[in-house]
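>>> Sequence and computational prediction follow.
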Amino acid sequence: MAKTARPTISDVAKAAKTGKTSISRYLNGEKHLLSAALLARIEQAIADLDYRPSLMARGLKRGRTRLIGLIIADITNPYSVHVLSGIEAACREKGFTPLVCNTNNELDQELHYLDLLRSYQVEGIVVNAVGMREEGLNRLQQSALPMVLIDRKIPDFACDVVGLDNTQAATTATEHLIEQGFEALLFLSEPLGTVNTRRERLSAFRATLARYPGVMAENAEVPLHEAALMDNALRQFHARHRGMRKAVISANGALTLQVARSLKRIGLNWGSDIGLLGFDELEWAELAGVGITTLKQPTWQIGYAAVEQVVRRIEGQSNTVREQLFSGELIVRGSTSR
C-alpha cells in the first residue's frame, strides 16, 4: 500500500476555502483576526485532514527550536539516570524538549552527537561529561552554544558547572569513618587523570586525615573493570593493617559495585572484616549484607538546576561563569558501624 502524503498547510487552506495566511494566523494563535465562520472551516479542515503542524519548521522560522541537547557519557550509570529525571522535569516545566544522546563512552559517538545537535539547532546543551574523553570535551569548547556541565569541569574552559560539593562530601565521609573508630583508611578511585571530581574528593580525604595523624591514610587508583588489580589492592591493604580497624572509601557508585564484588572474591565481609563507604546512593546498597553506607548526591536537583541555568543563558544572561554546588547526605548502614 502506498504511503499517504502528509497534509500540508496548503492542503488545509484549500479544504477551508481560504489562503495560507489565514491558516498561519490560526496556528500562531492570532485567532482574534479571523471570523467565526472562517475559524470553524479551518478547524474542520484540520480535523478532516488530521493535519499536524511541524513544530521544528515553525520553530526554525521564528529562530527558536526550544530544544535542549543532553549529552550523557554513560546512560547505564545510575547517577546519569537520576540526573536525567531532573533534567526532563525542568525541560517540561520551562517549555523545552530534551534531545538525549548517549555516547556510551565512544569518541566517535561523542563527536557525531555534537555535530547532530548543532544540525538540529538546539538552543543550549547540558553535558554530563563523566567518562567523556578529552577530544570530545575539546569539541564542546569550540561550540558557541549556551552550555552547562554536570559533575565535571573541563580544564581551561570557562563554563557553568552544577554538581556536588566534593570537598564537603568527602570530608563528611572521612570524618564519619574516623568517628566510627577506623584506624586505617583507603581512598579508592579510578585513575585520576584530569577528572576534577576524583581529585577534589581525594584532596579533601587527605586534608581531613592530616588533622588526625594517628589514622593511616592510603589511596589507590584502579580501572573500573580490572578485577585482578582490584583484588590485589584490597588484599594488600587488608594485610598491611592486620589487627587494625580499616575501611575503604569508594569514589563513585560504579566502583562501589566492583569493590563489593572484589571483597566477596577475596573472602572479606564488609561490616565485620572491613568497613566500606561509597559515593552515590545505590538501590541495592541497603540489601547487600549488613548494608553499605553511602554518600547520597541530590542527583534530581542537580539535573533540574542545570536546565535552569542553561535556560538563563539562552534567555541572554551574560554574567560571570557560575559554579552551583549541592551538599551530599550521608546514609549510614552496617558496613561502617562499630
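On my side now, so go ahead.

>>> going forward, measure contacts between C-alpha atoms and count neighbours the same way
OK.

>>> Quick one: residues contacting Gly253.
78-79, 278-282 (C-alpha atoms under 8 Å, 6 or more residues apart in numbering).

>>> and Pro223, how many residues sit next to it?
13 (other C-alpha atoms under 10 Å).

>>> can you check the one 10 residues further on too?
For Ala233, the neighbour count with other C-alpha under 10 Å is 18.

>>> Helix, strand or coil: sort out the residue nearest to it when sequence neighbours are not counted for me.
Excluding the flanking residues, the one nearest Ala233 by C-alpha to C-alpha, 6 or more residues apart in numbering is Ala220, at 7.4 Å. Here Ala220 is recorded as strand under DSSP: H, G, I helix; E, B strand; the rest coil.

>>> For the contacts of Gly253, could you give me JSON lines that also reports distance to Val127 and pLDDT?
Shown next, in JSON lines, are those (distance: C-alpha to C-alpha, whole Å; pLDDT from 0 to 100):
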{"residue": "Pro78", "distance to Val127": "16", "pLDDT": "80"}
{"residue": "Tyr79", "distance to Val127": "13", "pLDDT": "84"}
{"residue": "Gly278", "distance to Val127": "24", "pLDDT": "96"}
{"residue": "Phe279", "distance to Val127": "21", "pLDDT": "94"}
{"residue": "Asp280", "distance to Val127": "19", "pLDDT": "92"}
{"residue": "Glu281", "distance to Val127": "21", "pLDDT": "93"}
{"residue": "Leu282", "distance to Val127": "22", "pLDDT": "90"}
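
>>> can I get these in CSV with neighbour count and secondary structure?
What follows is the contacts of Gly253, written out as CSV (neighbours: other C-alpha atoms under 10 Å; DSSP: H, G, I helix; E, B strand; the rest coil):
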residue, neighbour count, secondary structure
Pro78, 17, helix
Tyr79, 23, helix
Gly278, 28, strand
Phe279, 25, strand
Asp280, 27, coil
Glu281, 23, coil
Leu282, 20, coil
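
>>> Present these as TSV; the columns should include distance to Val195.
Below are the contacts of Gly253 laid out as TSV (distance: C-alpha to C-alpha, whole Å):
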residue	distance to Val195
Pro78	19
Tyr79	16
Gly278	18
Phe279	15
Asp280	17
Glu281	20
Leu282	22
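
>>> how about the residue nearest to Ala233, what does it touch?
186-189, 233.

>>> How about Leu295?
So Leu295 contacts 169, 173, 277-281, 328-331 (C-alpha under 8 Å, 6+ apart).

>>> Quick one: low-confidence residue ranges for the protein.
1-4, 54-63, 107, 129-138, 140-141 (pLDDT under 70).

>>> The same query, at a cut-off of 50, please.
Along the chain, the parts satisfying pLDDT under 50 run over 1-2.

>>> Can you show me the strands along it?
67-72, 97-102, 124-128, 147-150, 160-164, 184-189, 216-221, 246-250, 275-279, 293-296, 323-326, 329-331 (DSSP state E).

>>> Can you convert the ones you listed into CSV and add a column each for distance to Leu209?
Listed next are the strands of the chain as CSV, based on distance: least, C-alpha to C-alpha, whole Å:
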stretch, distance to Leu209
strand 67-72, 34
strand 97-102, 38
strand 124-128, 31
strand 147-150, 28
strand 160-164, 21
strand 184-189, 9
strand 216-221, 7
strand 246-250, 13
strand 275-279, 16
strand 293-296, 18
strand 323-326, 23
strand 329-331, 18
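
>>> So for His238, which of the ones you listed sits nearest?
Nearest of those to His238, taken as C-alpha to C-alpha: strand 246-250 at 7.5 Å.

>>> how about stretch 212-219 as PDB, C-alpha atoms only?
Presented in PDB, the C-alpha positions along stretch 212-219 are these (Å, rounded to 0.1, in the frame of the first residue of the first chain):
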ATOM      1  CA  TYR A 212      44.300  13.000  62.600                       C
ATOM      2  CA  PRO A 213      47.900  11.900  62.500                       C
ATOM      3  CA  GLY A 214      47.000   8.700  64.300                       C
ATOM      4  CA  VAL A 215      44.900   7.400  61.400                       C
ATOM      5  CA  MET A 216      46.700   5.700  58.500                       C
ATOM      6  CA  ALA A 217      45.800   7.200  55.100                       C
ATOM      7  CA  GLU A 218      46.200   5.500  51.700                       C
ATOM      8  CA  ASN A 219      44.900   5.900  48.200                       C
END
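
>>> coming back round to it: and which of the contacts of Leu295 is nearest His112?
When the contacts of Leu295 are compared against His112 (criterion: C-alpha to C-alpha), the nearest one is Asp280, at 29.8 Å.

>>> how far away is the closest one from Leu257?
With distances taken as C-alpha to C-alpha, to the nearest Å, Asp280 is found 11 Å from Leu257.

>>> same thing with Asn219?
For Asn219 relative to Leu257 (C-alpha to C-alpha), the value is 18 Å.

>>> circling back: and which of the contacts of Ala220 is nearest Leu49?
Nearest member of the contacts of Ala220 to Leu49, counting by C-alpha to C-alpha, is Ser189, at 59.3 Å.

>>> Tally up the residues packed near the closest one, please.
22.

>>> likewise the one 10 residues further on?
Residues near Arg199, counting by other C-alpha under 10 Å, number 18.

>>> Apart from its chain neighbours, what residue comes closest to it?
Nearest to Arg199 is Leu192, by C-alpha to C-alpha, 6+ apart, at 6.3 Å.

>>> No further queries at this time; thank you.
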